[in-house]
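**Q** Provided below for reference: sequence and predicted model.
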Amino acid sequence: MDNFLSIKEAVQRYSASCDGKIKTPFDKLFIKAMLAGMMIAMGAAGSSVACHAIGNVGLARLVAGVVFPVGLMMVILTGAELFTGDCLMIVATVEKKNTMSQMIKELFFIYIGNFVGAALLALGVYFSGQLGYSSNLLGAYTIKVAVGKTGLSFGTALVSGILCNILVCVAVLMAICSKDIVGKLFVSFFVIMLFVVCGFEHCVANMYYITAGLLCKLNPAYVQLAMEQYGYTADQLAALNVGSFLVGNLLPVTIGNMIGGMVTLGLPLWYVNKEGK
């Protein structure tokens, strides 16, 4: 057990670390959040490349699940700030190590920083020409992913967001449990792979996926292939817009991620592991 902390110790260690998050100067916090957004977007971009030409949904998700976790691995080892994992800050708030307003303010700026980082990476990928892979199929597939995500009902996106962040926050805590790098990477890989294979919704990943899809709509070749390959009509593609992105997907998924990380996982783990129990 020398290389492993109990979950009680991990929860307590995370709670203690929140004081440092609160005291981090805004410029450093925002940069760390931007980096996390870019890292998650890197994992998302790589997973799309890996699976864009695979027709079987289960196999495609499995392949994507092997690549995507690299994003969270980078976040964990670099100390970047990721909104979904930082929803665990609720454990420090209920222990009165910070106030509710401090937590909300912290999460807000981390969220915006994640969005900026993910969007910048989407721009970089778009202008790199990478989306032209497989005779523009990757660009068409990127549109397909974005259309699918913005086409979810509010309730579906909400519940999928809850389930997603249960797993993301479990991965964060399990990584804290391990004291060595191999252990941190090992546990985070398999848990994040599970959420990708299940197809759950992650708000920061969607900041990349849907932004990239909106950018691909600017390319007539990608649009034409998306219509030919996936049978989309002009009206269906028109439904992919900034409004459906922010209100139709990002809003319910973000709420769901917060519920999953705070209410469904964070508070129960705090309660069963708090001092005196």
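**A** In hand now; what should we look at? Numbering: from 1, shown residues only.
**Q** only the buried residues of the worst-scoring helix or strand of the chain on mean pLDDT, if you could.
**A** The helix or strand of the chain with the poorest confidence is helix 7-23; it has a mean of 92 (mean pLDDT, DSSP states H and E). By neighbour count with 16 or more other Cβ atoms under 10 Å, helix 7-23 contains the buried residues Ala10, Val11, Gln12, Tyr14, Ser15, Cys18, Lys21, Ile22. Where C-beta positions appear, they are placed from N, C-alpha and C, glycine not excepted.
**Q** and it, what other elements does it pack with?
**A** Contacts defined by 3 or more Cβ pairs under 8 Å, 6 or more residues apart in numbering; DSSP states H and E place helix 7-23 against helix 90-94, helix 100-128, helix 154-177, helix 267-273.
**Q** can you tell which of these is closest to Arg61?
**A** helix 154-177 (13.4 Å; Cβ to Cβ).
**Q** the closest one: which residues count as buried?
**A** Under 16+ other Cβ under 10 Å, the buried positions of helix 154-177 are 157-177.
**Q** compute the inter-axis angle for it and helix 7-23.
**A** Per axes from the mean of the first three to the mean of the last three Cα atoms, to 10 degrees, the angle that helix 154-177 makes with helix 7-23 is 100 degrees.
**Q** please pull up the helix or strand immediately following helix 154-177.
**A** Per DSSP states H and E, the first helix or strand lying C-terminal to helix 154-177 is helix 181-198.
**Q** model confidence over that next one, on average?
**A** Average pLDDT, helix 181-198: 95.
**Q** with just CA atoms, put the helix or strand just after that helix into PDB.
**A** Sequence-wise, the next helix or strand downstream of helix 181-198 (DSSP H and E) is helix 203-216. Presented in PDB, the C-alpha positions along helix 203-216 are these (Å, rounded to 0.1, in the frame of the first residue of the first chain):
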ATOM      1  CA  CYS A 203     -18.800  19.800 -21.900                       C
ATOM      2  CA  VAL A 204     -15.100  20.600 -22.500                       C
ATOM      3  CA  ALA A 205     -14.700  17.900 -25.100                       C
ATOM      4  CA  ASN A 206     -17.800  19.300 -26.800                       C
ATOM      5  CA  MET A 207     -16.200  22.700 -26.800                       C
ATOM      6  CA  TYR A 208     -13.800  21.200 -29.300                       C
ATOM      7  CA  TYR A 209     -16.100  18.800 -31.200                       C
ATOM      8  CA  ILE A 210     -18.900  21.300 -31.900                       C
ATOM      9  CA  THR A 211     -16.600  24.300 -32.600                       C
ATOM     10  CA  ALA A 212     -14.700  22.100 -35.100                       C
ATOM     11  CA  GLY A 213     -18.000  21.100 -36.600                       C
ATOM     12  CA  LEU A 214     -19.100  24.700 -37.000                       C
ATOM     13  CA  LEU A 215     -15.800  25.500 -38.600                       C
ATOM     14  CA  CYS A 216     -16.200  22.500 -41.000                       C
END
